[in-house]
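A.B. asks: no FASTA, just this:
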Ligand SMILES: [Ca+2]
Ligand SMILES: [Ca+2]
Ligand SMILES: [Ca+2]
Ligand SMILES: [Ca+2]
């Protein structure tokens, strides 16, 4: 009995550890996230602190190991792409890389909204073509969250200086990064696994006493 529970605990911890390593890049659920009410929620466990050459400030300084970050592989489907995530108080970075449509760069545009869908910020073009971007038409945005909450990011393209639906098949990568000291942290993943393991050990103790 105890051996069985122990192996289950080890297996679950292993899954958590595997998830933490593999979770940095996720794929957009194409065509299902075209509105605020159907936004694709990015779980905190998808964020990691692993090194990534394309996680950088707008000036091109790599911040992958100073932030908790997630990268979304998105694709246009004649619609806007909506994502939501739990942001924490502190500095956040939103970086569009590899924006391509039929081999050519397209003019991305991103917007940030709070949980009541009030627009907090938006960006059209970046200051520099940093790592991952071939063109300054790729968007880059920083924002200091005042408090922890659900936030929305919308990805589209610039048409007549406003947010417009992405072309069909337009590819891009969206990196969302948050500073470690106050931001969303990858730490809760092993912490959750540790607590789960501790709970199981406590259960084992109870069953042994019985
Ligand atoms: Ca980048
Ligand atoms: Ca899409
Ligand atoms: Ca970029
Ligand atoms: Ca742009």
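C.D. replies: Sure, I can see it. What you see is a predicted model, and the numbers here were worked out from it, not measured in a lab. Ligands and ions are numbered 1, 2, ... in the order given.

A.B. asks: can we go C-alpha only for contacts and neighbour counts from here?
C.D. replies: OK.

A.B. asks: near ligand 1, which residues of this structure are found?
C.D. replies: Counting by C-alpha under 5 Å from the ion, the positions of the chain adjacent to ligand 1 are 54, 131-132.

A.B. asks: do that again at 8 Å, thanks
C.D. replies: Contacts of the chain with ligand 1, taken as C-alpha under 8 Å from the ion, map to 53-58, 60, 95-97, 130-133, 175.

A.B. asks: could you point out which of those is nearest to ligand 4?
C.D. replies: residue 96 (9.3 Å; C-alpha to the ion).

A.B. asks: if the closest one is in a bridge, with which residues?
C.D. replies: For residue 96, the beta-bridge partners are residue 174 (DSSP bridges).

A.B. asks: isn't it up against residue 176?
C.D. replies: No - contact criterion C-alpha atoms under 8 Å: residue 96 and residue 176 do not qualify, at 9.1 Å.

A.B. asks: tell me which of the two has more neighbours.
C.D. replies: Legend: neighbour count by other C-alpha atoms under 10 Å for residue 96 and residue 176, higher for residue 96 (27 against 23).

A.B. asks: toward the C-terminus, what is the element adjacent to the worst-scoring helix or strand of the chain on mean pLDDT?
C.D. replies: Every helix and strand of the chain was ranked by mean pLDDT, DSSP states H and E. The lowest is helix 2-22, at a mean of 43. Downstream of helix 2-22, the next assigned helix or strand under DSSP states H and E is strand 25-27.

A.B. asks: buried sites along that following strand?
C.D. replies: Buried residues in strand 25-27, defined by neighbour count with 16 or more other C-alpha atoms under 10 Å: 25-26.

A.B. asks: what's that strand in contact with?
C.D. replies: 46, 70-74 (C-alpha atoms under 8 Å, 6 or more residues apart in numbering).
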